[in-house]
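[1] coords below, sequence missing:
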DNA sequence: TTGAAAGCGCTAACAC
DNA sequence: GTGTTAGCGCTTTCAA
């Protein structure tokens, strides 16, 4: 029923009355062949639907021209856009991409990286739950497997990363709320355990609050895949001094928050202002557009791939790369009720 | 600088003073080993960071346990969500996923499928520009490579597909506009050349218009990656009888259309009602939520993977599978200005 | 329970 | 310009 075994280089060689080496040359060093031979071999190959096996080739050359990618989920467009950038860069270089997801479960990082390494990928691009102390990253370093983290960021720059400055970016976002006149600002965040970025962004939130001499609130931690934020939101809004603005650790979360605020009868931005983080394409297009910190996701993916290629070509282990973030003003932030402008 | 050669089964064998066959057995048929031997081999393997090479294994067993996935882009969440479903299903079965994208360029389908087949993927899951006559699909059939199309749909069911009934779904969507009282309805569509789905959805649009004895308009075809729809929209709205409602061939497009209608000073749904197609997660969460046809994207991905596994296990070539679509009423459809309810 | 041997498809010396 | 040969890492008979 299913695929018959593909033709081998030997079969082509027999049919064209040449040696396997000559067939191999046709595909790898066509210049070396006598034109007449080349034609004969080409014809035989076509007749047999021959397509060189990367499996045989990979084994022989000890190079797979394959990259592994590991991200929490592809349901969040921030990772999908990044992967799209990686795929484009890989295509340009003739590399293939093996993809794994963890669904934000740190304990899935082991099995997935093992699978990738088993395939002998030449390098890895990944986003892990926590890049600071991470047994899988330690493994990659011990075994000297080239890798680049995307989105993750490590204090001291001790790992090869491509990211924005999460803390500074979060600070900018919250500062924008402060500038709009908000004094009671809370942060809604995806689980800290599942995301070191979320932790850094919380620090940025605290920085901005401290700089404005405002009281930072405890973070409102929710699961990344939350689909009803009403209980959490109701609790925050019931605090003695309810926030007039919410900073969300990512855009997906911000959108869920906005929808559920509406379901709770709170208007955005009328009752509550909201700021996100990521700048996924869709957050720009909706109305009002989400005010958010834009990360250049495709560029992050592309840069990570290119740094990996550079390292594979012999360059030193890449230093951390900080790509610029950008604050995008949407319509989800206005001054709090009853505030005088330029207070 | 870069990775030293990974340990081989021979090195482990030497270190454990057994043969390579015994090491192999530890990983493939551990029950066959004497417990003491197993421990010794395990220790040696750990000490050397040994991890069986899938490259060697794949060559020997002539099975790669790898699936290829080809989609137009991962920047559209409908494909990313589908891939997320495929990845989850593959993980359950111990399969790996090789991903390629075409950026909606039909002429990239050849090189990308060749790359995948070169890797000897055991099956393919793909969305092509046009599945009816497609040289790459013909190639897959000629070479008897198992494949399942996702989203694509072929009249007569002559190809293995997993999709919704695009035409009927589009008909339902437009019927909903008709039921709201709209008489002048236009369709904004991604390029027909790049998407047979778009063509089918246009047919569904015409069906619904005909059934309501309304005049179908020529489609407003735009590129899938359009980022400013204002020129196209301005042209449609300038027609002698401007539409009061727009049916868009996908959600991403619908969102761009909504934003650009706003930029043109038209309110949605006040001036123009809008319906989308896909039901990407984000379209649900925005406000007003987009009225759209929901496709179960993750389920489509999962079902495609499972049908491929069934075929690999010996089942017959899968028949087309139609998954149910669902109309989701959002806030982007209201009766046209000046219409009387229940006209 | 373990080992020896062969071979999966391919490429790169090396020889002619 | 082309062929011969060896071997990449692994699994699987087959024999002991």
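    Noted; the coordinates are in hand. Quick caveat: nothing in here was measured; it's all calculated off a predicted structure.
[2] Please make it C-alpha for all contacts and neighbour counts, starting now.
    Fine.
[3] ok now the helix or strand bottoming out on mean pLDDT in chain A, how far from the chain's centre?
    When the helices and strands of chain A are scored by mean pLDDT, DSSP states H and E, helix A:281-285 comes last with a mean of 86. Centroid separation between helix A:281-285 and its chain, computed with Cα atoms, centre = their mean, to the nearest Å, is 17 Å.
[4] Tell me the buried residues in it?
    By neighbour count with 16 or more other Cα atoms under 10 Å in any protein chain shown, helix A:281-285 contains the buried residues A:281-285.
[5] That one near chain B anywhere?
    Yes: using Cα under 8 Å from any Cα of the partner chain, helix A:281-285 reaches chain B at A:282, A:285.
[6] Show me what that helix is packed against.
    helix B:251-263 (3 or more Cα pairs under 8 Å, 6 or more residues apart in numbering or on different chains; DSSP states H and E).
[7] average pLDDT across the helix it packs on?
    If you average the pLDDT over helix B:251-263, you get 95.
[8] hey, where'd the helices end up in chain A?
    Here chain A has its helices, by DSSP state H, at A:9-16, A:20-28, A:35-47, A:54-61, A:77-93, A:109-118, A:135-142, A:166-179, A:196-211, A:230-237, A:251-263, A:281-285, A:297-312.
[9] quick check, nearest of the buried residues of helix A:281-285 to DNA strand D?
    Proximity of those to DNA strand D (Cα to the nearest atom of the strand) peaks at residue A:281, which lies at 42.7 Å.
[10] I'd like to know the phi and psi angles of residue A:132, please.
    Main-chain torsions, residue A:132, degrees, to the nearest 10: phi -70, psi -60.
[11] got it, and residue A:104?
    Backbone geometry at residue A:104, expressed as degrees, to the nearest 10, gives phi 70, psi 10.
[12] for it, what are its contacts?
    Contact analysis of residue A:104 by Cα atoms under 8 Å, 6 or more residues apart in numbering or on different chains lists A:72-73, A:129, A:194, A:224.
[13] okay, now the domains of chain A?
    A:9-57, A:64-163+A:297-312, A:166-294 (automatic domain parsing).
[14] right, and the ones you listed - which one's nearest residue B:314?
    Residue B:314 sits nearest to domain A:9-57 of all the domains of chain A, at 23.4 Å, using Cα to Cα.
[15] Residue A:7 contacts residue A:46, doesn't it?
    No: using Cα atoms under 8 Å, residue A:7 makes no contact with residue A:46, being 10.3 Å away.
[16] So what does the closest residue in space to residue A:48 that isn't next to it in sequence look like in phi/psi?
    Distances taken as Cα to Cα, 6 or more residues apart in numbering or on different chains place residue A:7 nearest to residue A:48, at 6.2 Å, with adjacent residues excluded. Dihedral angles of residue A:7 (phi, psi; degrees, to the nearest 10) stand at phi -60, psi 150.
[17] State the distance from residue A:7 to residue B:157.
    According to Cα to Cα, to the nearest Å, residue A:7 and residue B:157 sit 30 Å apart.
[18] Between those two, point out the one with more neighbours.
    Each of residue A:7 and residue B:157 has its neighbours counted (other Cα atoms under 10 Å in any protein chain shown); residue A:7 has more, 16 against 12.
[19] count of residues packed around the closest residue in space to residue A:186 that isn't next to it in sequence?
    Sequence neighbours aside, residue A:246 is the residue nearest to residue A:186 in space, at 5.1 Å (criterion: Cα to Cα, 6+ apart). Residue A:246 sits with 27 neighbouring residues when counted by other Cα under 10 Å.
[20] Looking at stretch A:10-22 now, give me its mean pLDDT.
    Mean per-residue pLDDT for stretch A:10-22: 97.
[21] Of all the residues in the stretch 201-343 of chain A, which one is nearest DNA strand C?
    residue A:313 (15.9 Å).
[22] what number of residues lie near that residue?
    For residue A:313, the count of nearby residues is 11 (other Cα under 10 Å).
[23] how far away is the closest residue in space to residue A:66 that isn't next to it in sequence from DNA strand C?
    Sequence neighbours aside, residue A:96 is the residue nearest to residue A:66 in space, at 4.6 Å (criterion: Cα to Cα, 6+ apart). Using Cα to the nearest atom of the strand, to the nearest Å, residue A:96 is found at 16 Å from DNA strand C.
[24] ok, residue A:96 - contacts?
    With Cα under 8 Å, 6+ apart as the criterion, the residues that contact residue A:96 are A:65-67, A:87, A:90, B:98-100, B:115.
[25] which of the residues you listed come close to DNA strand D?
    The subset of the contacts of residue A:96 within reach of DNA strand D, by Cα under 7 Å from any atom of the strand, is empty.
[26] Those residues into a markdown table, with extra columns for pLDDT and neighbour count?
    Formatted as a markdown table, the contacts of residue A:96 follow (pLDDT from 0 to 100; neighbours: other Cα atoms under 10 Å in any protein chain shown):
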| residue | pLDDT | neighbour count |
| --- | --- | --- |
| A:65 | 98 | 17 |
| A:66 | 98 | 21 |
| A:67 | 98 | 28 |
| A:87 | 97 | 28 |
| A:90 | 97 | 21 |
| B:98 | 98 | 23 |
| B:99 | 98 | 23 |
| B:100 | 98 | 29 |
| B:115 | 98 | 22 |
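[27] Quickly name whichever of those residues is closest to residue B:207.
    Nearest to residue B:207 among the contacts of residue A:96, counting by Cα to Cα, is residue B:100 at 35.0 Å.
[28] State the number of residues packed around residue A:286.
    When neighbours are counted by other Cα under 10 Å, residue A:286 registers 23.
[29] Fine by me, we can end here.
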